[in-house]
Every structure is written in C-alpha cells, then in structure tokens.
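>>> what follows is a predicted structure for the sequence shown.
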Amino acid sequence: LVSAGEKSIHEQGLYAEPDFFKIFHFPVLSGDPVAALGESGAVVVTERTARKFFGDQDPVGKTIRLNNERDLKVAAVLADLPENSTLRFDMVLPFKIIEQLNLSDINSSWDNNSWQTWVTLGPKCNLTALNAKLENYIQSHNQEAAAHAFAYPLADLHLYGKFKEGKPNGGRIQILMLLGIIGLFVLVIACINFMNLTTARSSIRAREVGVRKAVGAQRSWLIGQFLTEAMLMTFMALGISVLAIKLILPTFNRVTEKALSLDFSNWQIWSAILALGLLTGLAAGTYPAFFLSRFDPTRILRGKTIANQNSGGLLRKGLVTFQFFISIFLIITTFVIHRQLDHISRRPLGYDAENLISIPMRGEMGKKYDAFKHELQQVSGVKSVSTGTHNLVNFGSNTSGIEWPGKTAEQDFLISITDAGYDYTRTAGMQIVEGRDFSPEFGTDSMSCLLNETAVRMMGLKPPVVGTVLRYDTTRTVVGVVKDFVYNDGAASITPLFIACAPKNGLSFSLVRFENDGQWQKHLTQIESAARKVYPDQPFDFRFVKEDYQRGFQGIRSTGQLANIFSGLAIFISCLGLFGLSAFFAEKRAKEIGIRKVLGASVSGLWLFFSKDFFKPVLLAFALATVPAIWAMGLLLKSFEYRIELSWQIFALAGLAAIVVAAVTVSFHSVKAALANPVKSLRSE
C-alpha cells in the first residue's frame, strides 16, 4: 500500500539491490536509481506512478508512505515500462528494507525460491559450465535437502518460460508456432487461389499471348510481364493488408488482452513486410507466368484449343485438393482446441468455488486478522472464514526438503507448500478423505499439517496416514488428508501438496465463504464494511475464486479465438477460390449443360453432374488430411496433462463441414446454370 497525501493505492513493487539498474538499463527521467537503491529510505518510481500521486509536480524529493509504517523519499523517476517488458513494476524499493526485517530463516535457506537473481555473463562464460558449478555449489552448502537451481537466458524467458524438473517445457513459443503455421496456411491458400483462377481463365489471354509472340515477343518477356502483374497485385494487397492491420489492431488487442503494435519506424519490420510481399508474389505468379507464356501462337491464331489443357486441369484439381487439405486440417485444429478448452474449464476443481472470495492481506493487515475474522463472523451471510499464504488458485512455493518415514533417495520430487489457518478446508469446500481440518479445539494443531492424495501416493504412505510425523521447517504431524483439488494450472496433473497450520497471524489471503442465497451483493457490502472497520486506511480489494480460476485460461481462450479467426479466414478464401472456379466452369460448360437439359436432364441431375468434380477433391483432401491431423493434434494435446482423447467424431464433423461448405459454395453457380434457359446457351448452334 502506497500513500501520499490523501491518496492510498496498491502498487506493484519490486525489492532490488543497487546493481539491478546496472543490469537493466531502463530510461531514467530524473534522479539516480543506483544510488537510491543503496539507501533504505529511498524509492524509485515510474512516471505513471509519480503522476498518480503528485500530478505534474517534480516528484524527486517528495515523500510516500509504504504500508502505513515507513516513509520513503522519491529519489529517481523511470520512464513507463514498455508493454512488452518481462519485468513489470510500478516502483523499485531498496533490498535493504528486506534485510532489516526478521527474515533470517528465509535469507539463509538454500531451498528457498522467494528471490530472483539476475547475472550478467562475460563474453567467455559458458552457460552450461555455469549451471554445473552452480549445482555443485548449492549441493555443497545444502546437503540436507535436494535443492536445485539453474541459470536461464532472460531473452528466452518470455517465449520459453515453462519448465519441468529444471528443463524447458514449452511456453508462449508453442502458441506463436501454432498461429504462425495457421497464418502460413492462409497465405498458401490465397496463392493457390491466384494460380487456379489465373490458369483456369488462360483461354481469355491466349489470343493476347499468340499475337505478342507472332510480332516477336520472346517467352522471357512474357514471363516478366505476367510476373510483374502478379507482383503489382501482391503489393496492392500488401498495402491494403497493412492498412487493415493498423485499423484492426486496437480491437484485436482488446479481444486478446495483448498490447501488440506496428512500429512503422522500424526498418526491420518494413524489410520483413517487403520480403513477404516479394516471396508471395513469386510463389503465386511463377507457375501462371510459365503456363501462359508457353502457348503455341500458330494454334491459338488458327482458333484451335490450347494444348495440354488436361495437364492444367489435373494441376488445378491437385491445387484444390491441397487447398481443402489445409482447410480440413484447420477445421480439425479448431474443433480440438475448443473441445480441450471446454474440457479443462469444466474440470472438477475438488473444492466449491461458488460464493467464495479471497481478500489480499497486504502489508501489516495480517496482524489484525483475528479482529477482522471476528467482524466477519458477525455478518449474517458469512458461513466460514480462514486464511492462507496463497489464494487457493496459485500455490507458488515448493520444496524437495520434506522428510517422512521411509523416504528413499529416488523420492526426490518437488512438493508444493503453503500455510493455512483454522477451518481452511471447510471454508474452501474441500473434501477430507482421512482425518480432519485444522481446528482451534486442538491445542497442538499449530504443529500439524495436511497432505493431498497425490502427496500421500508419491510419498508411499500407507493408511492410516493421520499421525505420520513429517519434518520440514519443524516436526509436524499429519492430521488429515485432503482430496486432490486443482491449483496452479487447470490443464496440468495435480502435484503433491503440503499444507502447514499457521494460526497465529493472518497470512497473505483471507478466504471468506458466504451463503448461497442469491444476495451476494448484500453480503459483499457487509464484508466491505467489516474490512473498513478493521482496516480504515486500506482500500478494500477482493476476488471471486471462481473468476480467478477461469482467468487462468485467458491465454488458451485467446489462442482459440485467434485459431477461429484464422481458420475461418482460410476457409473463406478457399470458398472464394472455389466460387470463382465454379463460375468459370459454369460459363465454359454452358452449352453442354444446355444440351443435357434439352435431352431431359433434371435440375438435381445437372447439379450433381456439375458439382461432382468439385466434391472429389474435397473427399480426397479429407482422406489425406486425417493422418497428419491425428499426428499433429496428438502433439498439441501432449502439452496438456489433463486432456481430451481424440475421437472419430471430431474428424467426421470436420469432413462433413468441408463437404457442406463446398456444396453450398458450388451450388450457387451449378443451380444457376441448371435453371438457365438452354435456348440462350445453344442459340449460336
């Protein structure tokens, strides 16, 4: 909590040593941030934070109050952090403040991961060698517990920031690769459309080619002309695309909760855009240029048909097949992503998240927790109150230093750890499968703990588990086993959990459960009144636990939305190409359709006759796309430990969707041709 004058606002702070600003060179607007972190009574703030408290006044030298207990002078102001910064903070406070607190047990613990360490490596320093030395150094100072640490490049952290047992295990790069592949598919489909429509209508430009060749034009000149035309069309489309991105980007950022920007002053972006346009123009225009330029002028000028049309028709069918191969693959991808998202969002939590809120206990709020709990218990709608180190959704601490009877050297795994107060499982709505909850009725519960089912299983403990003595920070006795519940990652397997009883003071969060009587707004108002009575200087803040849990899926939801957009765009472009081809062939085969109609063919028969040539590539594409899709979706789902099983219904629906889309697209021109008066098409005969 930061206060200045009459304003009190919760800000995101970071404790750091002076060398922090020697490693990270954030733009400094005023003051000396390095010197500021060398003192215990100074603070470094961002421009946005300074403006919040002091308006347009010079903030350097002004005083702010931290958690209503410590005055700090603003010694430096930083420019606001860019939106794509991995480090996020509103202010940086001297680490000396932490050193002055009674945290010797944390600061001296070798298996504590509360602090982050940044290191600048020299040009000759090898990261692998550094990690080997780091591991040996930690083990030599920490022989009692199997603690591990490793260095990792900060530049890679944003994209490759997921780890398992100290090894990179994916991250945002997987999403970028997925969207990049989908975007490439869309571009390939557009190129295929251009090639198909250009070669399909080649007869229209055949006479032009014949005349040019007859008057001496070389084939290379014609190839250059057609490539130039393709390039002009590509760069016109590129310009429209850049303008569209500029207009759509704000809406895109709002929907996906991102902060992407298009920096037109960056020459690298322009180079990439121009290179993309050049490659696209070459990819789309090369084959049509060679195809059109090879026509024999003597045949064309005598009015004969173009030679080798069958080979061109086979190629067009092949391109249409490949186009729908991509479309069906994307449809399957979209179905799988949505089914997986629905699967994890409906996952049984293992506790009752309805009518449950978490209240952050910032600063010194925990010291008055007992008074706060007493006030809450006077509220008629409140059923139960407890406290915990974490907010029930995210448990950020873990250790491999817990000892239990019969532990072997092979049982070296991380166990999530958290502290909790009395009535923790009752307030959260968890199920006790053995033993009981923490309770003030038992005087020894301050030295007790709970385990989840996964911890019991991985520790190899046999029933009865209650009464088992464990050792971590001190000796603790297991008083209960909690049924596994979901935390940290809704798509991951449940990991072992150790809950220590800590009843003396309020912890980082208070959990409050209120009645399920539909009057939640009234209950929240009463809870806020109780909070303001005990903490008059603290802004009231709370979150619904259910919403907190669902918020964890925002990333995959955004990915699903983007996959929807790109897949829909790919299918739409495929349909445009199919629509254009069907229009051309309807015109080309108008006389044949007219003759069939005169001879008694029905409209449905003509529709089937016209459409079957388009259905064959779609069916072939479905057959070809199934096996690669099974393989790719299997890889995609492996990134989720709690995942769906691939079923034949997904592939059947994708194939049916492709056939329906193709049928609807082709039907416009096929039905129109079937209903046309045959007299008009046969008049010249």
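Happy to help now that I have it. Numbers count the residues shown, from 1 in each chain.
>>> low-confidence ranges, the stretch 51-200 of the chain, go.
102-113, 142-147, 161-172, 200 (pLDDT under 70).
>>> counting neighbours, what do you get for L279?
L279 is flanked by 13 other residues according to other CB atoms under 10 Å. Quick note: C-beta positions are derived from backbone N, CA and C, even for glycine.
>>> mind starting the numbering at 206 from now?
Yep, numbering from 206; the last one is L484 now.
>>> what helix or strand is it located in?
Counting by DSSP states H and E, the element that carries L484 is helix 472-498.
>>> give me the mean pLDDT for that helix.
The average pLDDT for helix 472-498 rounds to 83.
>>> who are the packing partners of it?
In terms of contacts (3 or more CB pairs under 8 Å, 6 or more residues apart in numbering; DSSP states H and E), helix 472-498 is packed against helix 377-405, helix 407-419, helix 424-461.
>>> could you give the angle of the first one to helix 424-461?
If you take axes from the mean of the first three to the mean of the last three CA atoms, to 10 degrees, helix 377-405 sits at 140 degrees to helix 424-461.
>>> report the buried residues of helix 377-405.
378-380, 383, 387, 390-405 (16 or more other CB atoms under 10 Å).
>>> helices of the stretch 656-805 of the chain, start to end?
658-664, 725-739, 750-756, 759-793, 795-803 (DSSP state H, counting those that start in this stretch).
>>> the nearest residue to A395 once chain neighbours are set aside and L402: what is the separation?
Leaving aside its sequence neighbours, A395 sits nearest to I778 (CB to CB, 6 or more residues apart in numbering; 5.4 Å). Going from I778 to L402 by CB to CB, to the nearest Å gives 12 Å.
>>> export stretch 277-292 as CSV, just CAs?
Taking C-alpha atoms only, stretch 277-292 is exported to CSV below (Å, rounded to 0.1, in the frame of the first residue of the first chain):
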residue,chain,number,x,y,z
LEU,A,277,10.4,6.8,1.7
LYS,A,278,11.7,9.7,-0.5
VAL,A,279,11.4,9.5,-4.2
ALA,A,280,15.0,9.5,-5.4
ALA,A,281,14.5,8.7,-9.1
VAL,A,282,11.8,8.5,-11.8
LEU,A,283,11.9,6.0,-14.6
ALA,A,284,10.0,6.2,-17.9
ASP,A,285,7.0,4.0,-18.0
LEU,A,286,7.9,0.4,-18.9
PRO,A,287,7.1,-0.8,-22.4
GLU,A,288,4.1,-3.1,-22.6
ASN,A,289,6.4,-6.0,-23.8
SER,A,290,8.7,-5.8,-20.8
THR,A,291,9.2,-9.2,-19.0
LEU,A,292,9.7,-7.3,-15.7
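>>> now it: buried residues?
Buried, per 16+ other CB under 10 Å, within stretch 277-292: 277, 279-283, 285-286.
>>> quick one: which of the residues you listed is nearest G626?
Nearest to G626 out of the buried residues of stretch 277-292 is L277 (CB to CB; 31.2 Å).
>>> for the most centrally placed residue in the chain, give me the pLDDT.
For the chain, G760 is the residue whose C-alpha lies nearest the centre (CA atoms, centre = their mean; 3.1 Å). Per-residue pLDDT puts G760 at 74.
>>> now the nearest residue to it once chain neighbours are set aside: how far from A768?
Nearest residue to G760 in three dimensions, chain neighbours excluded: I380, at 7.3 Å (CB to CB, 6+ apart). I380 sits at a distance of 10 Å from A768 (criterion: CB to CB).
>>> how about G555?
Using CB to CB, G555 is found at 29 Å from A768.
>>> for L283, same thing?
Separation of L283 from A768 (CB to CB): 37 Å.
>>> and for A868?
Applying CB to CB to A868 and A768 gives a distance of 24 Å.
>>> do L561 as well
L561 sits 32 Å away from A768 when distances are taken as CB to CB.
>>> where does pLDDT dip in the stretch 706-855 of the chain?
Ranges of the stretch 706-855 of the chain meeting pLDDT under 70: 710-711, 792.
>>> 80 - rerun?
708-712, 757, 759-765, 767-768, 771, 782, 785-819, 844 (pLDDT under 80).
>>> wait, what's in contact with V248?
241, 269, 271, 277-280, 296-299 (CB atoms under 8 Å, 6 or more residues apart in numbering).
>>> surely it forms part of a helix?
No. Assessed with DSSP: H, G, I helix; E, B strand; the rest coil, V248 is strand; it does not lie in a helix.
>>> the domain parsing of this protein - what is it?
Domain assignment for the chain, taken from automatic domain parsing, gives 207-310, 381-550+762-887, 568-742.
>>> and the ones you listed as TSV, adding distance to W320?
Listed next are the domains of the chain as TSV, based on distance: least, CB to CB, whole Å:
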stretch	distance to W320
domain 207-310	8
domain 381-550+762-887	28
domain 568-742	12
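>>> mind listing the strands for the stretch 206-355 of the chain?
Ranges of strands in the stretch 206-355 of the chain, per DSSP state E, counting those that start in this stretch, are 207-209, 212-214, 218-221, 233-236, 247-251, 268-271, 275-283, 296-299.
>>> quick one: closest of the ones you listed to I620.
Closest among the strands of the stretch 206-355 of the chain, once you apply CB to CB, is strand 218-221, at 26.5 Å.
>>> could you say what helices and strands the closest one packs with?
Counting by 3+ CB pairs under 8 Å, 6+ apart, strand 218-221 packs on strand 296-299.
>>> please identify the buried residues of the strand it packs on?
Applying 16+ other CB under 10 Å to strand 296-299 flags 296-299 as buried.
>>> which of those sits closest to N657?
N657 has its nearest neighbour among the buried residues of strand 296-299 in L298, at 35.5 Å by CB to CB.
>>> does that closest one really touch Y220, like I thought?
Yes. In this structure L298 lies within contact range of Y220 using CB atoms under 8 Å: 5.1 Å.
>>> more neighbours: A868 and A768, which one.
Taking other CB under 10 Å, A868 and A768 do not tie; A768 has more neighbours (20 against 15).
>>> that one is in contact with T538, isn't it?
Yes. Counting by CB under 8 Å, A768 touches T538, with 6.2 Å between them.
>>> quickly list what's touching both of these two.
383, 387.
>>> what about P741, distance to V250?
Per CB to CB, P741 is found 25 Å from V250.
>>> separation between the closest residue to K821 other than its chain neighbours and F815?
Leaving aside its chain neighbours, K821 sits nearest to K522 (7.6 Å; criterion: CB to CB, 6+ apart). K522 is 15 Å from F815, where distance means CB to CB.
>>> and for V823?
Counting by CB to CB, the gap from V823 to F815 is 14 Å.
>>> try K796
Counting by CB to CB - K796 and F815 are separated by 13 Å.
>>> more crowded one of these two?
Counted by other CB under 10 Å, K796 and F815 do not tie: F815 has more neighbours, with 24 against 14.
>>> mind listing what that one touches?
Per CB under 8 Å, 6+ apart, neighbours of F815: 787, 790-791, 794, 798, 871, 874-875, 878-879.
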